[in-house]
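Engineer: give me coordinates for this.
(one chain, ligands or ions: 1)
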Amino acid sequence: MRITVVGTGYVGLVSATCLADTGNHVVGLDIDPAKVEQLSKGVSTIYEPGLHDLLTDNLRAGRLRFTTNADEAIAHGQVVFVAVGTPPRQDGSADTSALDRTCRTIAEKMSEPKVVVVKSTVPVGTCDRLEAEMRAQTPHRLDVVSNPEFLKEGTAVDDFLRPDRIVVGAENGEATATIRELYLPFVRNQRPILTMSRAAAEMTKYAANCYLAARISYINEIANICECCGVDVDQVRAGIGTDSRIGFHFLYPGAGYGGSCFPKDVQALNHLAGSKGYSADLLRAVHEINQRQRQLLFSKIANRFAGSLGERTFALWGVTFKPKTDDLREAPAIYVIDRLLEAGSTVRVHDPRGLENLKGLYGDRVICFDDAYDALAGADALVLATEWNEFRTPDFDRMRELLEAPIIFDGRNVYEAETMKRRAFEYHSIGRPTVNGPASAAS
Ligand SMILES: NC(=O)c1ccc[n+]([C@@H]2O[C@H](COP(=O)([O-])OP(=O)(O)OC[C@H]3O[C@@H](n4cnc5c(N)ncnc54)[C@H](O)[C@@H]3O)[C@@H](O)[C@H]2O)c1
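Structural biologist: Residues are numbered from 1 along each chain as shown. The predicted model follows:
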């Protein structure tokens, strides 16, 4: 099929590449010329495992190309996927202006029937509205389908190729059949293609993200209560996660959730509920708990080094909002770095994939290291903010040698208290009793 994907960010680029890989001819349209130039050369603009090979293979095969030319891109696709951003406005509502503009352009430029597939996460009712607006603009047949995306950054390619389910919200059988045909290669493992109303599809995306965010805020709330009571949250987590009704997914205490989805989607659904006269108290609590949780790691550092933060140097491992991505949007690490810099501390950072984006944000206000151990040299403590695999079993002896004092603030509960005790580290984590280090660490 001839497909156009508008917006070649985390969702659009992965979708375009994977759809090309099953034999479709795909054009990716973006307003960012630098991005288009880089992608056209086969250089991925994001880090996503598996993406580079798929991108270069499909460019080489002539099934995938990128452009900033809207006329050409819109003329190409029988099906036009839209995956532009829907960032939060000041009041928490989703800003759909990029999507609205894109749809106006499609309606204006189309010269044959099209199916427009909205992949962006949008408030309930958006697809109905867009279809009515676009139909009023064009004499050609046009159907809007809601097809929310559930991929996870870090495993996005795999998630797209092997989704748990595909959700298709459509009011028209022909459009549904077209989208079904496109997705059949990805559900040969018998995963369902769920068809529903457009509004239900839009709501499904918010309901899924808000539920996952709620689990994180729930375990963070429990972790904080555990800390007040001197209880180890890991033991409690084991006790509840083994309950088959509960499980362990998204039940990791830590420095809060980040990324471009959970924070904005929780706020957007809360705002949507409010606009309909419903007070979404749970969603507000999920958001507020997360806001508080993001301050916790810095509070622990500030308490430990009370009065001397301005003279301190901190090593920070992990800046991306989660492992296996280069995405820094709403990353809890950014909150910690901002507070440390405000307090006058020196910050030495290592991250396996996020340093380039970090330099774009901070320039030379932070010191970046390609090697994790180089970042430790002379630092008063290590702050672990993102649980990349390579941080899980580090060389603790080398860390002790390099750090000014063996102190770790672990925002992801990566290490066991027993290990830290045995290795004589002073160890602060989330919802677990602090492990006091040797007398030298208390300076
Ligand atoms: N990132 C995720 O993990 C994820 C997962 C599921 C759903 N979503 C949703 O998908 C949507 C896109 O998210 P993302 O993370 O890929 O965003 P992104 O910011 O990475 O990408 C958006 C892209 O759209 C381009 N763009 C903006 N306006 C445009 C226009 N008028 N014409 C052409 N291109 C335009 C931007 O230049 C950018 O490349 C959002 O609604 C998001 O909530 C994201």
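Engineer: what's downstream of the lengthiest helix in the chain, the next helix or strand?
Structural biologist: As assigned by DSSP state H, the longest helix anywhere in the chain is helix 198-229. Once the chain leaves helix 198-229, the next helix or strand it forms, by DSSP states H and E, is helix 233-241.
Engineer: which other helices and strands does that next one contact?
Structural biologist: helix 198-229 (3 or more C-beta pairs under 8 Å, 6 or more residues apart in numbering; DSSP states H and E). Backbone N, C-alpha and C define where each C-beta goes, glycine included.
Engineer: helices or strands next to the helix it packs on in the packing?
Structural biologist: By 3+ C-beta pairs under 8 Å, 6+ apart, helix 198-229 packs against helix 126-137, strand 142-146, strand 166-169, helix 233-241, helix 262-275, helix 281-304.
Engineer: try 6 Å this time
Structural biologist: Packed against helix 198-229 by the contact rule (3 or more C-beta pairs under 6 Å, 6 or more residues apart in numbering; DSSP states H and E) you find strand 142-146, strand 166-169, helix 262-275, helix 281-304.
Engineer: quick one: it near the ligand?
Structural biologist: No - contact between helix 198-229 and the ligand is absent, the nearest approach being 7.1 Å (criterion: C-beta under 6 Å from any ligand atom).
Engineer: which of the helices and strands packed on helix 198-229 sits closest to the ligand?
Structural biologist: Set against the ligand and scored by C-beta to the nearest ligand atom, the helices and strands packed on helix 198-229 come closest in helix 262-275, at 6.8 Å.
Engineer: so that closest one versus helix 198-229, what angle?
Structural biologist: Using axes from the mean of the first three to the mean of the last three C-alpha atoms, to 10 degrees, the inter-axis angle of helix 262-275 relative to helix 198-229 is 120 degrees.
Engineer: now helix 262-275: buried residues?
Structural biologist: Counting neighbours by 16 or more other C-beta atoms under 10 Å, one finds that the buried residues in helix 262-275 are 262-274.
Engineer: is it anywhere near the ligand?
Structural biologist: No - on the criterion C-beta under 6 Å from any ligand atom, helix 262-275 is out of touch with the ligand, staying 6.8 Å away.
Engineer: around the ligand, which positions in this structure sit nearby?
Structural biologist: So far as C-beta under 6 Å from any ligand atom goes, the chain lies against the ligand at 6-12, 29-32, 35, 83-86, 98, 101-102, 119-121, 149, 151, 153, 260-261.
Engineer: list buried residues within those.
Structural biologist: By 16+ other C-beta under 10 Å, these give 6-12, 29-30, 35, 83-86, 98, 102, 119-121, 149, 151, 153, 260-261 as buried.
Engineer: of those residues, which belong to helices?
Structural biologist: Among those, DSSP H puts 10-12, 35, 98, 102 in helices.
Engineer: okay if I get those residues as a markdown table plus pLDDT?
Structural biologist: Formatted as a markdown table, those follow (pLDDT from 0 to 100):
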| residue | pLDDT |
| --- | --- |
| 10 | 97 |
| 11 | 98 |
| 12 | 98 |
| 35 | 98 |
| 98 | 98 |
| 102 | 98 |
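Engineer: so which of these is the closest to residue 357?
Structural biologist: residue 10 (12.5 Å; C-beta to C-beta).
Engineer: burial count for the closest residue to residue 371 other than its chain neighbours?
Structural biologist: Spatial nearest neighbour of residue 371, chain neighbours left out: residue 350 (6.8 Å); criterion: C-beta to C-beta, 6 or more residues apart in numbering. Residue 350: 25 surrounding residues under other C-beta atoms under 10 Å.
Engineer: tell me the contacts of residue 350?
Structural biologist: 317, 369, 372, 375 (C-beta atoms under 6 Å, 6 or more residues apart in numbering).
Engineer: need phi/psi at it.
Structural biologist: Main-chain torsions, residue 350, degrees, to the nearest 10: phi -130, psi 140.
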